[in-house]
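Participant: Fold the following.
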Amino acid sequence: MKYDVITLFPEIIEGYCSHSITKRGIESEIINVKTHNPREYSLDKHKRVDDTPYGGGDGMVLACQPIFDCYNSIEKKENFEFIMLTPQGERFNQNIAVELSKKEQIILLCGHYEGFDERIRLGLKPREISIGDYVLTGGELGALVLIDSISRNLENYLGKDKCACDDSFSEGLNGLLEYPHYTKPREYLGMKVPDVLLNGNHKEIEEYRKNESIKRTKQKRPDLL
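Facilitator: Predicted coordinates for the structure are as follows:
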């Protein structure tokens, strides 16, 4: 999977991707993450990429030319998706993450300031995605959420013979929340590990986890049922 991130702050993307599972995914060549800075394509002598909005108002607006030229400079694979991170987009979820994991390439456009010149939407026709009903300073956090979530669905990304099929919201759990987990010690501050997890009966353990998943979903996210 190839990720191309159009961002004014490439160090945010590169910093996150130099750690943990994302770093391992890059080193094992399961994913590739490349940043593209629109400032490098600005025709302004000061490399400005924004300007004041027509009609007045607060803030600055990202201009068309640097974004168009930056986007057009990226080599596209046959099966790619171009995504704009925006609070106006469709709400991101696990189903979309799985859908996008089937792509060869994802191009992510991160906004800043007051937003995009509307002609970027009209001319480049990106798929608009939001990670939630709130506003962030920039799209980099949203882009990293997508990179992390989508990549977990790639073969061997989490390790050999491991998959995200039992994560919360996944198909393996029928879209429900994940069951509780325990590790050593068996008892801590009077709280004990459930006996069923200690008896070695895998059928009973599977049934327990299924019931706990349903119970937890009813308590915390009944809308998922």
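Participant: helix, strand or coil for the residue most central in space within the chain?
Facilitator: With distances taken as CA atoms, centre = their mean, the chain has residue 146 as the residue nearest its mean C-alpha position (1.3 Å). Look at residue 146: counting by DSSP: H, G, I helix; E, B strand; the rest coil, its state is helix.
Participant: residues contacting it?
Facilitator: Counting by CB atoms under 8 Å, 6 or more residues apart in numbering, residue 146 touches 83, 85, 92, 97, 100, 106, 108, 129, 131. Just so you know, the C-beta spots here come from the backbone N, C-alpha and C atoms, and that holds for glycine as well.
Participant: again, 10 Å this time
Facilitator: Contact analysis of residue 146 by CB atoms under 10 Å, 6 or more residues apart in numbering lists 3, 5, 83, 85, 92, 96-97, 100, 106, 108, 129, 131, 139.
Participant: and what of residue 223?
Facilitator: Residue 223 neighbours (CB under 10 Å, 6+ apart): residue 217.
Participant: That one in helix, strand or coil?
Facilitator: helix.
Participant: cool, and residue 153?
Facilitator: coil.
Participant: wait, isn't it in contact with residue 102?
Facilitator: Yes: using CB atoms under 10 Å, residue 153 makes contact with residue 102 at a distance of 8.8 Å.
Participant: the more surrounded of these two?
Facilitator: Neighbour totals were compared for residue 153 and residue 102, and residue 153 leads with 21 against 12 (other CB atoms under 10 Å).
Participant: For residue 185, see how far away the more buried one is.
Facilitator: Per CB to CB, to the nearest Å, residue 153 is found 34 Å from residue 185.
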